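Colleague: next one to model:
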Amino acid sequence: MKGMSLGLKEALLLTLEGIKPLPVENVVLVDSIDRIAASDLYALVDSPSMDSSRKDGYAVLAHEIVDATAENPVRLRLLGSMAAGGEKDIQIKPGTTVRVLTGARIPTGADAVVAEEFVKKGDHDVLVEAPAEPKNILPRGSDVAARRCILRAGQQISPSMAGLLAVAGHSMIPVFMTPVVGIIGTGDELVEPGKPLEDGKLYASNIVTVAGWCNRYKMKPRMAIAKDDHDAILNTLKTMSDETDAVITSGGAWTGDYDMVAEVLEELGWKRVFHRIRIGPGKAVGFGTLNEKPVFILPGGPPSNLMGFLQIALPGLLALSGHKNQGLPRTNARLGFELREGKHNWTDFFFGTLEHDGGLPTFYPMKKRSRLSSIAEATAVASIPEGQDHLSEGSVIAVQLLK
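Modeller: I've put the predicted structure just below:
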């Protein structure tokens, strides 16, 4: 697919079609946070495992106190008390009550709990001054019922969901493995952060940015720098492909004298799906497979590099991790001012900021520049879709969230 014939939607579809999730592994419950469930999970037990009290109060027979008031209280004999986790049971009979603490089992025979603020306690009896509220009892299985599905395959596991899984009896969770991602920066000018910087050189920021995004999604980045040399690029690509689940190259993506990433990949026998699509910035993005592992080619300019990553490589890596929703989260926003930079047959992307002032947030596009400083403060991305050449000020648009 040479040339610029491929639009964003088609490129993204081809990317996702070409990637299958990694194998499944079982992890301990607390390590499942932010991971993707690999199968439906069902509650193994009822929770709570018995009818329990939602209040500190007194277990009663509801019909005995239905007319109780402060002026006309009902006297009941106190049989004892029960606390959460206790094994003993005290049977309620007409004219009696049992003190229950929050979480305690409901005594046999009782069908209601009166909150303690409506009861005056004596030595061996109590005066009940109000009817009982049905909501004061938490029925068995009302939080989680055994055999009920509580988590679907493809869902991301939040801390609260992990708590629900614990209550439901789970301790080991099947999740999709998260990929080790090899990230290769190419260029004679690149220097690893932390090393001395000579004239004419620059620190390899793109691979750090991409690795940071991988970290955000619990992927494991491995970074390397390769000089603009055929053998250096070939050896680095071979090593990374052998030792990782996916590879991203940064720089050397176009057709200049030193842009040899695609050429080396061809030598290595990669199966190219596409290289260059109709988006800006980021048109030189490419995707294919090497040894059945995904490989993404990203251009070297920071805005193009990041946009190509966000629109193509990130969705692909999320698919590899088992995510059902690939790509950045989205929200609606109002456009702060008119955009007229779109080319009719391209998807034109803009970094920008969101401002919240009540109601819909407002998206303010940044001027397009070639350097990283222009996008470091961006909090969202908007686009003029292919087929349009402008967006009007005040129009409501979908934006992708970066933070």
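Colleague: going by C-alpha atoms from here, please, whenever you check contacts or count neighbours.
Modeller: Noted.
Colleague: all helices of the stretch 251-400 of the chain, in order?
Modeller: Counting by DSSP state H, counting those that start in this stretch, the stretch 251-400 of the chain has helices at residues 261-268, 302-308, 314-320.
Colleague: just checking, what's the longest helix in the protein?
Modeller: Secondary structure of the chain read by DSSP state H shows that its longest helix is helix 230-243.
Colleague: now do that one: distance to the chain's middle.
Modeller: 31 Å (CA atoms, centre = their mean, to the nearest Å).
Colleague: stretch 365-379 too?
Modeller: On the basis of CA atoms, centre = their mean, stretch 365-379 sits 25 Å off its chain's mean C-alpha point.
Colleague: now do the buried residues in it.
Modeller: Buried residues in stretch 365-379, counted by 16 or more other CA atoms under 10 Å: Pro365, Leu372, Ser374, Ile375, Ala378, Thr379.
Colleague: wait, which of those residues is closest to Asp357?
Modeller: Asp357 lies nearest to Thr379 out of those, by CA to CA, at 15.5 Å.
Colleague: identify the residues contacting the closest one.
Modeller: Residues in contact with Thr379, defined by CA atoms under 8 Å, 6 or more residues apart in numbering, are Phe351, Gly352, Thr353, Leu354, Leu401, Leu402, Lys403.
Colleague: pull the number of nearby residues for the last one.
Modeller: Here the neighbour count serves as a burial measure; for Lys403 (other CA atoms under 10 Å) it reads 8.
Colleague: how near is it to Leu44?
Modeller: Distance, Lys403 to Leu44, by CA to CA, to the nearest Å: 37 Å.
Colleague: TSV for the helices of the stretch 251-400 of the chain, including distance to Leu339 and mean pLDDT?
Modeller: Listed next are the helices of the stretch 251-400 of the chain as TSV, based on distance: least, CA to CA, whole Å; pLDDT from 0 to 100:
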stretch	distance to Leu339	mean pLDDT
helix 261-268	34	93
helix 302-308	18	93
helix 314-320	26	97
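Colleague: export the ones you listed to a markdown table and append columns for distance to Pro179.
Modeller: Conversion of the helices of the stretch 251-400 of the chain to a markdown table gives the following (distance: least, CA to CA, whole Å):
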| stretch | distance to Pro179 |
| --- | --- |
| helix 261-268 | 21 |
| helix 302-308 | 19 |
| helix 314-320 | 7 |
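Colleague: now those as TSV including mean neighbour count and distance to Ser160?
Modeller: Below are those laid out as TSV (neighbours: other CA atoms under 10 Å; distance: least, CA to CA, whole Å):
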stretch	mean neighbour count	distance to Ser160
helix 261-268	16	44
helix 302-308	25	32
helix 314-320	25	22
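Colleague: between those helices, which gets nearest to Pro294?
Modeller: Each of those has some distance to Pro294 by CA to CA; the shortest is helix 314-320, at 8.0 Å.
Colleague: residues making contact with stretch 362-376?
Modeller: With CA under 8 Å, 6+ apart as the test, stretch 362-376 has contacts from 301-303, 333-337, 350-356, 380, 382.
Colleague: now the end-to-end length of that stretch.
Modeller: Across stretch 362-376, the terminal residues are separated by 19 Å (CA to CA).
Colleague: what does stretch 312-324 contact?
Modeller: The contact list for stretch 312-324, computed with CA under 8 Å, 6+ apart, reads 11-12, 15-16, 19-22, 36-38, 154-156, 176-179, 246, 248, 285, 296, 325-328.
Colleague: switch to 7 Å and redo it
Modeller: 12, 15-16, 19-22, 36, 154, 176-179, 296, 326-327 (CA atoms under 7 Å, 6 or more residues apart in numbering).
Colleague: what's the closest non-adjacent residue to Ala153?
Modeller: Ser39 (4.2 Å; CA to CA, 6 or more residues apart in numbering).
Colleague: from Cys149, how far out is the one you found?
Modeller: Between Ser39 and Cys149 the computed distance is 11 Å (CA to CA).
Colleague: so these two - more neighbours on which side?
Modeller: Set Ser39 next to Cys149 and count neighbours by other CA under 10 Å: Ser39 wins out with 16 against 13.
Colleague: surely that one is within a strand?
Modeller: No. Counting by DSSP: H, G, I helix; E, B strand; the rest coil, Ser39 is not part of a strand but coil.
Colleague: my read is that it contacts Arg152, right?
Modeller: Yes. Checked against CA atoms under 7 Å, the pair Ser39 and Arg152 is within contact range at 6.4 Å.
Colleague: got the residue ranges for the helices in the stretch 1-150 of the chain?
Modeller: According to DSSP H, counting those that start in this stretch, the stretch 1-150 of the chain carries its helices in the segments 8-17.
Colleague: circling back to that earlier point, now the residue nearest to Ala153: how far from Ile157?
Modeller: Noted for Ser39: a distance of 12 Å to Ile157, by CA to CA.
Colleague: spit out the contact partners of Gly7.
Modeller: Ile277, Arg278.
Colleague: check what pLDDT Gly3 gets.
Modeller: Note on Gly3: pLDDT of 47.
Colleague: please shift the residue numbers so they start at 673 in all later answers.
Modeller: In the new numbering, first residue 673, that becomes Gly675.
Colleague: counting neighbours, what do you get for Pro953?
Modeller: Using other CA under 10 Å: Pro953 sits among 22 other residues.
Colleague: can you tell me the closest non-neighbouring residue to it?
Modeller: In space, Pro953 comes closest to Ser976 once its chain neighbours are excluded; the distance is 4.6 Å by CA to CA, 6+ apart.
Colleague: verify the stated contact: the one you found with Ile951.
Modeller: No. Using CA under 7 Å, Ser976 is not in contact with Ile951; the gap is 9.5 Å.
Colleague: with that, I have no additional questions.
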